[in-house]
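Student: using only what follows, build the 3D model:
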Amino acid sequence: VDLAFRQPGRLAVLNFDEGEMVKQGQLLAELDATPYEEALALAQANRAQALADRDKARRGSRTQEIEQAAAAVDQTKASAAEAQRNFVRQESLVKSGAASDRTLEAARSLRDQTSAALASAEQEYSLRKEGFRKEDIAAAEARFTAAEAQLDQSRTALSDTRLIAPSDGLISERVLEPGSMVTVNSSVYTLSL
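Tutor: Next up is the predicted model:
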């Protein structure tokens, strides 16, 4: 049986020489696991971030954010009401000749701006109360699932840096030496069963 790694890398350790007997499950060789350990750490961090994003999406807005949006609506309502009163006042002053058309236009513009700001604040409040969209939650769930799959893949790759004897046998050939670069499926040992 030709024995090989499923991962590429630098051959760090060879535990047996030609002519030695091995038992099933014994560690025959190891690759330098550093790149795979780093990839695993990155995958763990990505999973933690994806978990936090998923939980945040599920929970929706915080109470404080909802209250802040409600306060913004109240503040904007007051500004809009004041702008409307000012517009009505300026309109009557223009009719009596005590104010210019320019002043009336400025009051109309301010009224329209505050009305638009109120509509925007009300929409923001509505969004905060409702929380994240179902599609955003589904996307966060999918990112979490992908991060978990990446983590599993990284764990598998790390474990594949260890070459284990598949059965009892005799090492009939040691193909490589420590320090050699190994490609996927490059024979390291030949085992006679």
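Student: C-alpha from now on. contacts and neighbour counts both.
Tutor: Will do.
Student: can you pull out the helices in the chain?
Tutor: Using DSSP state H, the helices of the chain run over residues 34-59, 63-96, 101-130, 134-159.
Student: out of those helices, which is closest to F16?
Tutor: Among these, the nearest to F16 by CA to CA is helix 134-159 (19.4 Å).
Student: what about the closest one, average pLDDT?
Tutor: Averaged across helix 134-159, the pLDDT comes to 95.
Student: next, format the helices of the chain as a markdown table and append distance to M181 and mean neighbour count.
Tutor: Converted to a markdown table, the helices of the chain look like this (distance: least, CA to CA, whole Å; neighbours: other CA atoms under 10 Å):
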| stretch | distance to M181 | mean neighbour count |
| --- | --- | --- |
| helix 34-59 | 14 | 17 |
| helix 63-96 | 55 | 16 |
| helix 101-130 | 56 | 17 |
| helix 134-159 | 16 | 17 |
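Student: OK, contacts around the residue nearest the centre of the chain?
Tutor: A centroid search over the chain (CA atoms, centre = their mean) returns A50, at 4.1 Å, as the residue closest to the centre. A50 is in contact with 140, 143-144, 147, counting by CA atoms under 8 Å, 6 or more residues apart in numbering.
Student: ok, back up a step: reformat the helices of the chain as CSV; add distance to L170.
Tutor: Shown next, in CSV, are these (distance: least, CA to CA, whole Å):
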stretch, distance to L170
helix 34-59, 30
helix 63-96, 68
helix 101-130, 68
helix 134-159, 24
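Student: which one of those helices lies closest to Q7?
Tutor: In terms of CA to CA, the element of the helices of the chain nearest to Q7 is helix 134-159, at 6.7 Å.
Student: quick one: the closest one to helix 34-59, angle?
Tutor: Angle, helix 134-159 to helix 34-59, by axes from the mean of the first three to the mean of the last three CA atoms, to 10 degrees: 160 degrees.
Student: helix 134-159 packs against which elements?
Tutor: Counting contacts by 3 or more CA pairs under 8 Å, 6 or more residues apart in numbering; DSSP states H and E, helix 134-159 packs against helix 34-59.
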